[in-house]
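Trainee: Pasting the sequence and the predicted model now:
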Amino acid sequence: LKRGRFYQQYSDYIDNAMAKAAAEYKKVYELDPEKLTGLGEGYYIQVMLQEMVAQGQKEEALAVIEEVEPHASQRLQDYFNSVRNKLFDSPEERIAFLEERVDKNPEDQALIKELRDLYKEQGMNDKVQELNEKLYALDPNYENTMALADFAVNNANYDSAIKYLNEALNKTDDAEEKARINLKISDAYQNKENLQEARNFARQAIQLDSDWGQPYIQIATIYAQAVQQCISGRKIERKDKVVYWLVLDYLDKARSVDSSVSGTVQRLYQSYEPVTPTTEEKFFSGWETGQEMEVDASLNQCYSWINETTKVR
């Protein structure tokens, strides 16, 4: 080690100093790979690998990484990943290498995740899901459950998404994470057009994180969708338009608790404000500004589940 450091220290005066230093560190590696991995936070292993990469010694470098990786810190493992990226000429070559390693180490979750991420980068969705399921079978923890849930969401498999998202809720104590999961469940139900359940989960998200604007926006869009469901096959009436005042109420609430959603709120306002009751419609209905209005079966039976109050604007 001292001789290797000497070569590095006086590299300006010694020919091929880095190669000579790496050769000295390799001698230590051959004596005790695990010990060298822990010295200098993996510095000596990195010097060794840098020289191997520079000399195009692919197989030797991969063999070193495979031997010492179980003893490496997370930071050193990240470095190993960057070395692998340099050693392989194409993603296909790296995939083939990792597939072989996974075959030899079928329960190594770190390896499986690395291969899954490569599959994801290459758009190999069937393979991604296969490894998501394998990871879940090995360890149905929060991370692996969420991987299945997110895959289901991205592929519009909302029943499966709801199943795994509900399961994930019981695997974390983080209130913010729970809020985000509840909102994902809400979104899945909204896509299934089960609006009442969608609202229930959005409300749970608000209970967990009342300063987050997105759940209020979610409820606004749920109520806007309720109007579209209700008027299916007929012309929109002035009573239907009352619901859009409630939509605006929720958009206002979102903006008041969370300034980061202001841009989204403004865009939605431009869509929904023009379809609220007109001055003429308010006049002929006898509605006055500030008057409370019930959004329930009194407007139409299909709004009975909403059961909220808004005001004439």
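Mentor: Happy to help now that I have it. Residues are numbered from 1 along each chain as shown.

Trainee: which residues of the stretch 201-313 of the chain score low on pLDDT?
Mentor: Counting by pLDDT under 70, the stretch 201-313 of the chain contains no low-confidence segment.

Trainee: Give me the neighbour count for Ser285.
Mentor: Ser285 has 14 neighbours, counted by other Cβ atoms under 10 Å. The way it works is simple: take the backbone N, C-alpha and C, and place the C-beta from them, glycine included.

Trainee: Go ahead and confirm it touches Arg238.
Mentor: Yes. Assessed by Cβ atoms under 8 Å, Ser285 is found in contact with Arg238 at 6.1 Å.

Trainee: shared neighbours, these two?
Mentor: Shared contacts of Ser285 and Arg238, defined by Cβ atoms under 8 Å, 6 or more residues apart in numbering, comprise Pro277.

Trainee: For the residue sitting nearest the centre point of the chain, give its distance to Val68.
Mentor: The centre of the chain sits closest to Asp150, judged by Cα atoms, centre = their mean, with a distance of 7.2 Å. Noted for Asp150: a distance of 33 Å to Val68, by Cβ to Cβ, to the nearest Å.

Trainee: And Arg255, by the same measure?
Mentor: 53 Å.

Trainee: try Glu107
Mentor: For Glu107, the distance to Val68 - Cβ to Cβ - is 20 Å.

Trainee: now Glu121
Mentor: Glu121 is 26 Å from Val68, by Cβ to Cβ.

Trainee: more crowded one of those two?
Mentor: Val68 (22 against 11).

Trainee: Just give me the neighbour total for the closest residue to that one other than its chain neighbours.
Mentor: Leaving aside its sequence neighbours, Val68 sits nearest to Thr37 (Cβ to Cβ, 6 or more residues apart in numbering; 4.4 Å). Neighbourhood size, Thr37 [other Cβ under 10 Å]: 22.

Trainee: so Thr37 is in which element?
Mentor: Element membership of Thr37 [criterion: DSSP states H and E] is helix 33-38.

Trainee: following that helix, which helix or strand shows up next?
Mentor: Per DSSP H and E, helix 33-38 leads on to helix 43-54 as the next helix or strand towards the C-terminus.

Trainee: For the helix or strand that Asp159 is a member of, name the packing helices and strands.
Mentor: Taking DSSP H and E as the criterion, Asp159 maps to helix 158-169. Under the contact criterion of 3 or more Cβ pairs under 8 Å, 6 or more residues apart in numbering; DSSP states H and E, helix 158-169 touches helix 142-154, helix 175-191.

Trainee: What are the boundaries of the strands in the chain?
Mentor: Per DSSP state E, the chain carries strands over the ranges 292-295, 308-311.

Trainee: so what's Asp12 scoring on pLDDT?
Mentor: Turning to Asp12, the model gives it a pLDDT of 91.

Trainee: Next one: it from Met18, what distance?
Mentor: Counting by Cβ to Cβ, the gap from Asp12 to Met18 is 12 Å.

Trainee: neighbour count winner among the two?
Mentor: Met18 (16 against 6).

Trainee: ok, that one - contacts?
Mentor: So Met18 contacts 7-8, 11, 47, 50-51 (Cβ under 8 Å, 6+ apart).

Trainee: Am I right that the residue nearest to Val68 is in contact with Pro70?
Mentor: No. At 9.0 Å, Thr37 does not count as touching Pro70 under the criterion of Cβ under 8 Å.

Trainee: which residue sits closest to Gly213 in space, ignoring its chain neighbours?
Mentor: Asp258 (3.0 Å).

Trainee: how deep is that neighbour tucked in, by neighbour count?
Mentor: By other Cβ under 10 Å, 20 other residues sit near Asp258.

Trainee: can you tell me which residues contact it?
Mentor: Asp258 neighbours (Cβ under 8 Å, 6+ apart): 211-214.

Trainee: tell me which residues of the helix holding Thr37 are tucked away?
Mentor: 36-38 (16 or more other Cβ atoms under 10 Å).

Trainee: Let me see the mean pLDDT of that helix.
Mentor: Per-residue scores along helix 33-38 average to 92.

Trainee: what does stretch 212-224 contact?
Mentor: Outside stretch 212-224, the residues touching it (Cβ under 8 Å, 6+ apart) are 179, 182-183, 186-187, 190, 195, 198-199, 202-203, 205-206, 209, 243-244, 246-248, 250-251, 253-255, 257-258, 260-261, 264-265, 268, 272, 295, 306.

Trainee: What about the residues you listed, which are in helices?
Mentor: 179, 182-183, 186-187, 190, 195, 198-199, 202-203, 205-206, 243-244, 246-248, 250-251, 253-255, 257, 264-265, 268, 272 (DSSP state H).

Trainee: Just the buried ones out of those, please.
Mentor: 179, 182-183, 186-187, 190, 195, 198-199, 202-203, 205-206, 243-244, 246-248, 250-251, 253-255, 257, 264-265, 268, 272.
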